[in-house]
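**Student:** Quick check, what structure comes out for this input:
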Amino acid sequence: MARVFIDNLCAPVTRVDRPSWMQDSASVQYRTKYRMAFLILAAIAAIGFVAVDERTSSAADLSFGEDVQFLSEHVDTIVLGNDPAGPRIAVVPAYQGRVMTSTACGDSGTSFGWINYDHIRSGEIAPHINSYGGEERFWLGPEGGQYAIFFAPGAKFEFSDWQTPPLIDTEPFQVDKKSEKQARFVRDAELTNYSGTKFKIRIERDVKLMSNDDMEDVLGITLGDIKTVGYETRNRLTNTGDQDWSKEKGLLSIWLLGMYKHGPKTTVVIPFRKGEVSELGPIVNDEYFGKVPAERLKIGDGVLFFCGDGRYRSKIGLGPRRATQLCGSYDAARNVLTCLQYSQPGPEVTDYVNSMWMHQEEPYGGDVINSYNDGPPAPGAKPLGPFYELETSSPALALKQGESGQHVQRTCHFEGSRAQLDALARELFGVSLDQIESALK
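**Tutor:** Below you'll find the predicted structure:
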C-alpha cells in the first residue's frame with residue numbers, strides 16, 4: 001500500500017464575431033479532428049475502465065477523507081493542512097505535483113476535485129493520455145501546430161499521432177521540500193517540438209495552502225466566518241540549455257488545468273474586458289467542438305456564463321485582450337463558490353501559444369483562460385468523466401539561456417450562507433447569485 005504523508009494530522013485518513021481562423025476550411029478540419037479525438041478517448045474509457053465498486057458510482061459525493069483514503073491506497077499522497085476540521089489539500093508527486101482535491105472542512109468536508117477512480121484503480125498506462133483527474137495539474141503548451149509538443153516531428157495532426165509527453169503525464173516530480181502547509185516539486189527534463197527544436201528545462205512547482213488573510217489580501221475581499229480553502233501554486237520554467245528560445249523555432253508556455261465535480265446547477269463565471277471587437281478581438285472563442293448552443297453560453301455585461309453540468313461536451317476560451325485575472329464558478333446544488341486568480345501580465349503582452357491541431361498562421365494567437373464542460377462525445381457514448389474544467393496559461397516564454405518564466409495561480413473555494421456567498425460573488429465577479437443562476441435558464 002502506498003504511504004500517505006499527513007502533516008500533524010489528528011485523524012487518518014449572443015453570438016459574437018469570429019476570428020478569421022474559425023471561418024476557413026482548415027478550422028473545420030481542426031474541429032473534426034478534435035471531435036474524433038474525443039470519440040476515441042471515450043471509447044478507450046468505456047472499454048478500459050469498466051471495473052466499478054460502491055465508491056465509483058457515487059464518487060461525486062465522496063468526502064475529502066474518503067478521496068484521500070482512496071488515493072493513499074494507490075499512490076503516495078501529501079496532505080497539506082493540520083486543522084482536522086479545516087482547510088486541507090491533497091497533492092500527488094507521481095502525478096507531477098498535482099493538486100488532486102481540497103476541502104474547507106476537514107475529512108468530512110466536501111471534496112472539490114474530480115478524481116478518476118476507475119483509471120487510478122486499474123493501474124494501467126493508457127495510450128495517448130492518462131486522465132487521473134485532479135483540480136490543478138501542471139502541463140506545458142502548445143498542444144498542436146508547428147511548434148507542438150504533443151506531436152512528434154513529421155507526425156500527422158490526428159488523434160492516432162497525438163501523445164501527451166510522459167513528462168506531464170506519467171512521470172513523477174521529485175519532492176524537494178515539504179512542511180505542514182507547503183510542498184515543493186522539481187523536475188529536470190528535455191523536450192522536442194514538432195519542428196525539431198530541443199528544449200532543456202527545469203520545472204519548479206511550489207504548492208502552498210493559503211490562510212484567510214492571504215486570500216483577503218490578494219483578492220481584496222472580506223471572508224468573515226465563511227468556510228474556505230485556498231491554495232497558491234508558483235510554477236517556474238527555466239531554460240537550462242545552451243540556446244536562447246525564439247519565436248521562429250517555437251516557444252513553451254505553462255498551462256494549468258483543473259478538473260472539478262460537475263453538477264446540474266453549476267455555472268462557470270468569467271469576467272471580461274468590454275470594448276470593440278476591432279480593438280480587443282472577439283469576446284469568446286466558442287467553437288472548439290462546434291459552436292456552443294445559446295442556452296449553454298450567455299454573454300452578459302462584462303461577464304459571461306457557461307454551463308458546467310457535465311452533460312454536453314463543449315469548450316470556450318478568452319484571449320489576452322479580453323481576459324481579466326479572474327474566473328470561477330458557482331455550484332448552486334452544493335452551495336460552493338469557486339474563484340481562480342492568476343498572474344496575468346500587462347496588456348502589452350499578447351503572445352500566447354496556439355494549440356490548434358493544424359499548421360497555424362498565428363502560432364502565438366492562443367487563449368489565456370479556457371473552460372471545458374465534459375459530456376458524451378456522441379449519442380450513447382461514455383463521457384470522459386464527466387467533470388468541468390477551468391484553465392489558465394502563461395504567455396509564450398521567450399527565455400534566454402538561464403532565464404526563467406513563472407505562472408502563479410490561486411484557487412479558492414467558499415462555503416457559507418446564501419447571503420454570504422452572494423456578497424462574495426458581487427465582490428469577485430460583479431454579479432449576484434441570482435444573476436448567475438438565472439443566466440442560463
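
**Student:** After the helix or strand I78 falls within, which helix or strand is next? Please name it.
**Tutor:** Per DSSP states H and E, I78 falls inside strand 77-80. Sequence-wise, the next helix or strand downstream of strand 77-80 (DSSP H and E) is strand 88-92.

**Student:** quick one: that next one to chain centroid distance?
**Tutor:** 16 Å (C-alpha atoms, centre = their mean, to the nearest Å).

**Student:** Which strands or helices does it pack on?
**Tutor:** helix 64-74, strand 77-80, strand 98-103, strand 198-209, strand 227-239 (3 or more C-beta pairs under 8 Å, 6 or more residues apart in numbering; DSSP states H and E). C-beta here means a position set from N, CA and C on the backbone, and glycine is covered the same way.

**Student:** what's the closest of those to G375?
**Tutor:** The minimum distance between G375 and the helices and strands packed on strand 88-92 falls on strand 98-103, with 21.7 Å, by C-beta to C-beta.

**Student:** tilt between the closest one and strand 88-92?
**Tutor:** Counting by axes from the mean of the first three to the mean of the last three C-alpha atoms, to 10 degrees, strand 98-103 lies at 160 degrees to strand 88-92.

**Student:** Restrict strand 98-103 to CA atoms and write it as CSV.
**Tutor:** Provided in CSV are the C-alpha atoms of strand 98-103 (Å, rounded to 0.1, in the frame of the first residue of the first chain):
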residue,chain,number,x,y,z
ARG,A,98,-0.9,17.6,-8.9
VAL,A,99,-3.4,19.0,-6.5
MET,A,100,-6.0,16.2,-6.6
THR,A,101,-8.6,17.7,-4.4
SER,A,102,-9.2,20.1,-1.5
THR,A,103,-11.7,20.8,1.3
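
**Student:** about what we covered before: counting by contacts, list what the strand holding I78 packs against.
**Tutor:** Counting contacts by 3+ C-beta pairs under 8 Å, 6+ apart, strand 77-80 is packed against strand 4-6, helix 64-74, strand 88-92, strand 182-192, strand 198-209.

**Student:** neighbours around the nearest residue to F64 once chain neighbours are set aside, how many?
**Tutor:** Of all residues not flanking F64 in the chain, T103 sits nearest, at 3.6 Å (C-beta to C-beta, 6 or more residues apart in numbering). Per other C-beta atoms under 10 Å, the neighbour tally for T103 reads 28.

**Student:** Quick check, pLDDT for the residue nearest to R322 when sequence neighbours are not counted.
**Tutor:** Nearest residue to R322 in three dimensions, chain neighbours excluded: F272, at 4.7 Å (C-beta to C-beta, 6+ apart). Per-residue pLDDT puts F272 at 98.

**Student:** Contact partners for the residue sitting nearest the centre point of the chain?
**Tutor:** For the chain, the residue sitting closest to the mean C-alpha position, by C-alpha atoms, centre = their mean, is L257 at 1.6 Å. Residues near L257 by C-beta atoms under 8 Å, 6 or more residues apart in numbering: E136, R137, W139, E389, L390, E391.

**Student:** go on, L80?
**Tutor:** L80 makes contact with D7, R88, I89, V91, E180, K181, Q182, A183, V207, K208, L209, Y231, according to C-beta under 8 Å, 6+ apart.

**Student:** likewise C412?
**Tutor:** Going by C-beta under 8 Å, 6+ apart, the list of residues near C412 reads M210, M215, L219, T228, V229, G230, T338, C339, L340, Q341.

**Student:** and which of those residues is nearest A148?
**Tutor:** In terms of C-beta to C-beta, no member of these lies closer to A148 than L340, at 25.6 Å.

**Student:** So, low pLDDT: which residues of the stretch 151-300 of the chain?
**Tutor:** The stretch 151-300 of the chain contains no residues with pLDDT under 70.

**Student:** where along it do the strands fall?
**Tutor:** 174-178, 182-192, 198-209, 227-239, 253-260, 266-271, 297-299 (DSSP state E, counting those that start in this stretch).

**Student:** Out of the contacts of L257, which end up buried?
**Tutor:** Neighbour-count burial (16 or more other C-beta atoms under 10 Å) is assigned, among those, to E136, R137, W139, E389, L390, E391.
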